[in-house]
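> Only the shape, not the letters, is given here:
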């Protein structure tokens, strides 16, 4: 039987075993277009599974996430479902065992009996082309999903009642789900993982920054976390005015600006509290080490202005994007990050801050909204395979009880704690009466503060405390001066 066209169906007349031409085969007798499919590729793949004995080829199908729904013809769906069931038993698979399984489950007549199974098995002589059959079956299924999603979108447009931005983002998410369902590679050989691990070990021993993930730029923090890794959700929490935005921007600065032995990474910042101009001004003063108060008081020196101009040029060429929409939802954030990541690959996303994100459904309790937002953040990190730093507020319990903050102090929802891979808590220790004496004896000057960074949770590493120095006049964190 000659191969059918890539989008063809059985275009036979009564008793005619030939395929119709590619245009006619697209039309059913009633004039309705037949959805994309390739029955010969489906038969070839089923035949490859039978010839192979149901081991290697079926394993590849499972790794490619093929399910019975990927097949267009209902009898092919049932045959593949039966093959998967036999595969789970671990026994060899052949046409006799397949027929016996179908007979026991009352599916023999639906698939056409042993004659249909033999006809499929005889379509090919070798399973060598199974991977190509898999790709064709997969692509035709994706086309059918696109058609179904497009039809549903058209119907939803006529009945649309929710917020327009939310509606559009949901449609975009549906399309992205189809795209992410394409055939991907499965497990990788150990030699590739070993090569990557050795490179990381060498980078750590040599003090270079080219290890997997994005380094924070802080010696002690990187020593405990080895950087922020793809797919991680890192929560940075603190009470108001402790400096969580400043620390997050220091993370972003270290990631986006090149340094010796390290390439810059693209950074996207969602600033729901500050405008992009305010954030840029903070970055300029922080990077150039110019006191922002001197600018506001109009007493900046010529040297200050030269440093500001140099820093501004440096930042303008850096791969940093800022979105300061104050009414963003989690759908907005994920869609914008996904869209930008496809154009300019990102290495880090910063969200400032979680409690300001608007819930997709305002009728839901706020705690449930925060839980959905938190899950959405973790989903975005995994979807884009980049670390996401999410800022969060702490409740007042630690202040009331005069103690260090704990992970249970995360505000509004315990789901943040569950979703996060790393939880960092910023804490300003209470000043003691002898602080002034310590300054006179060579301690931290009054313009610098000792801030404690508590690693309260880390899935793949230790927890503990880190000391940082906060230079308030530059809104900048630095490694602690011992």
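Looks like it came in fine. On a predicted model such as this, the values are computed, not experimentally measured, just so you know. Residues are numbered from 1 along each chain as shown.
> When you work out contacts or count neighbours from here on, use the C-alpha atoms and nothing else.
OK.
> and residue 350, which of the three is it?
At residue 350 the chain is in strand, as set by DSSP: H, G, I helix; E, B strand; the rest coil.
> can you tell me which residues contact it?
Each residue near residue 350 by C-alpha atoms under 8 Å, 6 or more residues apart in numbering is listed here: 248, 252, 267-270, 388-391.
> measure residue 275 to residue 243 for me?
17 Å (C-alpha to C-alpha, to the nearest Å).
> give me phi/psi at residue 94?
Backbone torsions of residue 94, given as degrees, to the nearest 10, read phi -140, psi -180.
> Could you pull out the strands in the stretch 151-300 of the chain for me?
For the stretch 151-300 of the chain, applying DSSP state E, counting those that start in this stretch gives strands covering 233-238, 266-271.
> Name the stretch among these that sits most buried.
Ranked by mean neighbour count under mean count of other C-alpha atoms under 10 Å, those are led by strand 233-238, which reaches a mean of 27.
> tell me the average confidence for that one?
In this model, strand 233-238 has a mean pLDDT of 88.
> Number the residues from 368 up from this point.
OK, 368 is where the count begins now, so the last one is strand 600-605.
> Who are the packing partners of that strand?
Secondary-structure packing of strand 600-605 (3 or more C-alpha pairs under 8 Å, 6 or more residues apart in numbering; DSSP states H and E): helix 611-623, helix 733-751, strand 755-760, strand 789-794.
> and the angle from that strand to strand 789-794?
Interaxial angle, strand 600-605 versus strand 789-794 (axes from the mean of the first three to the mean of the last three C-alpha atoms, to 10 degrees): 10 degrees.
> Looks like residue 609 contacts residue 792 (just checking).
No. Look at residue 609 against residue 792 with C-alpha atoms under 8 Å: they stay out of range, at 10.3 Å.
> neighbour-wise, which of those two wins?
Higher neighbour count among residue 609 and residue 792: residue 792, with 27 against 15, using other C-alpha atoms under 10 Å.
> Just list whatever residues bridge to the more buried one.
residue 604, residue 821 (DSSP bridges).
> Repeat that for residue 755.
In this entry, residue 755 is beta-bridged to residue 600, residue 716, by DSSP bridges.
> which residues sit in contact with it?
Counting by C-alpha under 8 Å, 6+ apart, residue 755 has contacts 598-601, 715-718, 744-745, 747-748.
> what's residue 745 in contact with, if anything?
Neighbouring residues of residue 745 by C-alpha under 8 Å, 6+ apart: 598-600, 755, 786-787.
> Apply 7 Å and report the result again.
The contact partners of residue 745, by C-alpha atoms under 7 Å, 6 or more residues apart in numbering, come to 600, 786.
> how close does it get to residue 405?
As defined by C-alpha to C-alpha, residue 745 lies at a distance of 38 Å from residue 405.
> cool, and residue 759?
51 Å.
> now do residue 717
From residue 717 across to residue 405, the span is 45 Å (C-alpha to C-alpha).
> just residue 665 next, same as before
Using C-alpha to C-alpha, residue 665 is found at 73 Å from residue 405.
> Looking at those two now, which is surrounded by more residues?
residue 405 (25 against 9).
> mind pulling up the phi and psi values for the more buried one?
phi -140, psi 100.
> what's the pLDDT at it?
Predicted confidence (pLDDT) for residue 405: 89.
> same thing with residue 368?
So residue 368 comes in at 40 (pLDDT).
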